[in-house]
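Student: coordinates only, sequence not included:
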C-alpha cells in the first residue's frame, strides 16, 4: 500500500500492532533527523547506492532505530530499547518491510497512491 503523499499532505502514516497495542508509524522530518542522529545513516543522501542503503536498513539495530524514530510522535520519552523488546524474529521482517515501504512510498513520486478499498454501496456514499 502507498499512502497519498505530496505537497500539502500530512506526513504518511501506517497502523501496526506492536507492544500489545495498535501504534502509528509516522514518517516526517523528525524521523529522518532522529534516525540519522542515532545511526549516522542519512536517508536523504541520494549519492548512496540504493542496494547498500537497503542492506543497512535491514540490519536489526537499524530496524529498531527506524521504528523507534517513527513512534516518537506518540511518546517523546520512548526509548529504542523499549521498541527493541517488542521486535522479535517472528515480526522483524514484516515490521522492517512496513517501515521501509512507508519510506519508499514517500520518496518515490512515481509510485501510485493507494486506491480506496472497495467502492461505496450505491445507496451509501
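Tutor: Thanks, I have it. As the structure is a computational prediction, the values presented were derived from the model and not from experiment.
Student: buried stuff in stretch 82-95?
Tutor: Neighbour-count burial for stretch 82-95 flags 83, 84, 86, 87, 95 (criterion: 16 or more other Cβ atoms under 10 Å). No exception for glycine: its C-beta is placed from N, CA and C like everyone else's.
Student: how far does that stretch stretch from start to finish?
Tutor: 15 Å (Cα to Cα, to the nearest Å).
Student: also stretch 16-36?
Tutor: End-to-end for stretch 16-36, by Cα to Cα: 23 Å.
Student: hmm, who's touching the one helix or strand residue 31 maps to?
Tutor: Using DSSP states H and E, residue 31 sits in helix 29-39. With Cβ atoms under 8 Å, 6 or more residues apart in numbering as the test, helix 29-39 has contacts from 41-44, 61-62, 65-66, 68-70, 72-73, 80.
Student: quick check: mean pLDDT across stretch 46-62?
Tutor: Over the span of stretch 46-62, the pLDDT mean works out to 85.
Student: circling back: chain center to the following helix or strand past the helix holding residue 31, what's the gap?
Tutor: Sequence order places helix 50-57 as the next helix or strand after helix 29-39, per DSSP H and E. In terms of Cα atoms, centre = their mean, to the nearest Å, the centre of helix 50-57 is set 15 Å apart from its chain centre.
Student: what sits against the spatially most central residue of the chain?
Tutor: By Cα atoms, centre = their mean, the chain has its centre lying nearest to residue 99, at 3.0 Å. Going by Cβ under 8 Å, 6+ apart, residue 99 touches 25, 63, 66, 67, 70.
Student: can you list the weak-confidence ranges in the chain?
Tutor: Across the chain, the ranges flagged by pLDDT under 70 are 1-8, 106-125.
Student: mind listing what's buried along stretch 13-22?
Tutor: Those would be 14, 16, 18, for stretch 13-22 by 16+ other Cβ under 10 Å.
Student: who's in contact with it?
Tutor: Under the contact criterion Cβ under 8 Å, 6+ apart, stretch 13-22 has outside partners 1, 3, 23-27, 67, 71, 82-83, 85-87, 91, 95, 98, 101-102.
Student: I'm done for today, thanks for sticking with me.
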